[in-house]
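Asks: Make a model of this:
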Amino acid sequence: MVASALITLREGLEAALIVGIVLGVLRRLGRLDRSRPVWAGVLAAVGLSVVIGLALNALGVTFEGRGEEIFEGVAMLLAAGVLTWMIFWMQRQGRQIQAELESDVRHAVNTGSGWALFSLAFVAVVREGIETVLFLTAAAFSATPAQTLAGGALGLVGAVVLGWLMFAAGKRLDVHAFFRVTGVLLTLFAAGLVAHGVHELQEAALLPTLVEHVWDVNHILNENGVVGSLLKALLGYNGNPSLIDVCSYVLYFAAVYLATRLWGGRAQSRPRGRGQEMANAPSSGM
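Replies: Modelled structure (predicted):
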């Protein structure tokens with residue numbers, strides 16, 4: 001329940017943040033009367049996400065035995081793949097997303113395009129919605145459906161409340177800092193999904209086991225206990241992992257961490273390398 005609540009809180013808050021930026025620009029321009037297409041885009045995205053979620057759930061119910069293990073493993077790896085894409089997307093876009101959104105909203109208002117406002121809200125929310133559906137599908141494998149739904153609803157309500165408070169108070173959140181912090185949490189969560197996805201494929205005999213149990217600490221912290229279940233859902237904790245489970249977790253986390261550090265270093269050095277060129281182009285200044 002806690003895992004699904006944290007997932008929907010993070011994803012919902014990100015969507016609320018983007019919609020809040022759009023509405024905030026409309027308010028500063030004195031054009032809140034143009035907010036109707038924005039809310040229409042939000043509702044359409046939520047509806048599509050719900051349909052996809054129901055379809056995935058119906059698909060999962062049809063599998064049993066080995067087929068169920070394969071479905072769970074593939075779903076976890078797919079969710080981890082989407083998370084990985086989001087981590088790199090945030091690394092690349094986090095610095096300029098707020099400025100780009102504000103520019104797009106101003107352009108849409110100036111051109112009188114309600115479709116552009118609808119699209120901005122729809123794309124932002126449907127992206128988060130589909131990600132949330134995948135993550136909740138993966139999280140549901142370590143909890144009951146009722147716990148997953150209750151936690152998801154709780155996190156979503158929290159995201160809506162926090163987003164509304166930020167908008168009502170007129171606060172500007174550092175989007176890049178928000179993405180950077182959540183990116184670390186996403187990396188840990190994705191590493192756990194990879195390890196558990198690999199484990200399910202081992203159970204289905206699609207991957208070799210090699211060493212069945214590298215260690216067994218379930219007598220100290222049982223993965224089926226209260227704390228163990230929480231760590232399992234959030235970080236992929238396994239009290240008695242196989243060798244491939246451990247290797248997949250460590251290698252995934254190390255690869256993503258090194259890639260984001262390398263990418264971040266290039267992003268910071270790029271403006272310095274072009275500084276002289278920009279200084280010599282007065283037309284690109286203010």
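Asks: correct me, but N240 touches D216?
Replies: Yes. With contacts defined as CB atoms under 8 Å, N240 counts as touching D216 at a distance of 4.1 Å. Backbone N, C-alpha and C define where each C-beta goes, glycine included.
Asks: neighbours of F253, just the number please.
Replies: Taking other CB atoms under 10 Å as the neighbour definition, F253 ends up with a count of 18.
Asks: for A44, that is, sorry about that
Replies: The local packing of A44 (other CB under 10 Å) involves 15 other residues.
Asks: ok, now L32?
Replies: By other CB under 10 Å, the residues close to L32 number 12.
Asks: now swap in H196 and tell me
Replies: As a burial measure, H196 scores 27 neighbours (other CB under 10 Å).
Asks: now do V226
Replies: Residues within reach of V226, counting by other CB under 10 Å, total 9.
Asks: what's the pLDDT at it?
Replies: At V226, the pLDDT value in this model is 79.
Asks: buried ones in the helix or strand G152 falls within?
Replies: When secondary structure is defined by DSSP states H and E, G152 falls within helix 145-169. The neighbour-count criterion (16 or more other CB atoms under 10 Å) identifies 147-148, 151-152, 154-156, 158-159, 162-163, 166-167 as the buried residues of helix 145-169.
Asks: What are the contacting residues of it?
Replies: Contact with helix 145-169 is made by 1-13, 15-17, 19-20, 23-24, 132, 136, 139-140, 143, 173, as judged by CB atoms under 8 Å, 6 or more residues apart in numbering.
Asks: Starting from the host helix or strand of F71, tell me the next helix or strand along the chain.
Replies: When secondary structure is defined by DSSP H and E, F71 falls within helix 65-93. Going down the chain from helix 65-93, the next helix or strand is helix 97-111, by DSSP H and E.
Asks: ok now that next one, how far from the chain's centre?
Replies: Relative to the chain's own centre, helix 97-111 is displaced by 24 Å; criterion: CA atoms, centre = their mean, to the nearest Å.
Asks: okay, the angle between that helix and helix 65-93?
Replies: Put simply, helix 97-111 runs at 80 degrees to helix 65-93, going by axes from the mean of the first three to the mean of the last three CA atoms, to 10 degrees.
Asks: How about residues contacting helix 97-111?
Replies: Everything outside helix 97-111 that qualifies as a contact, by CB under 8 Å, 6+ apart, is 18, 21-22, 25-26, 29, 31, 34, 93, 113-114, 116-117, 120, 175.
Asks: just stretch 115-131 next, same as before
Replies: For stretch 115-131, with CB under 8 Å, 6+ apart as the criterion, the contacting residues are 11-12, 14-15, 18-19, 22, 34, 37-42, 44-46, 48-50, 52, 82-83, 86, 101, 104-105, 107-109.
Asks: So which of those belong to strands?
Replies: If you go by DSSP state E, the contacts of stretch 115-131 have nothing in strands.
Asks: ok, of the residues you listed, which come out buried?
Replies: Burial by neighbour count, 16+ other CB under 10 Å: within these this picks out 11-12, 14-15, 18-19, 22, 34, 37-38, 41-42, 45-46, 48-49, 52, 82-83, 86, 101, 104-105, 108-109.
Asks: how far out from the middle of the chain is the strand or helix carrying S229?
Replies: Secondary structure assignment for S229, by DSSP H and E: helix 226-235. Relative to the chain's own centre, helix 226-235 is displaced by 19 Å; criterion: CA atoms, centre = their mean.
Asks: Since that was my last question, I'll sign off now.
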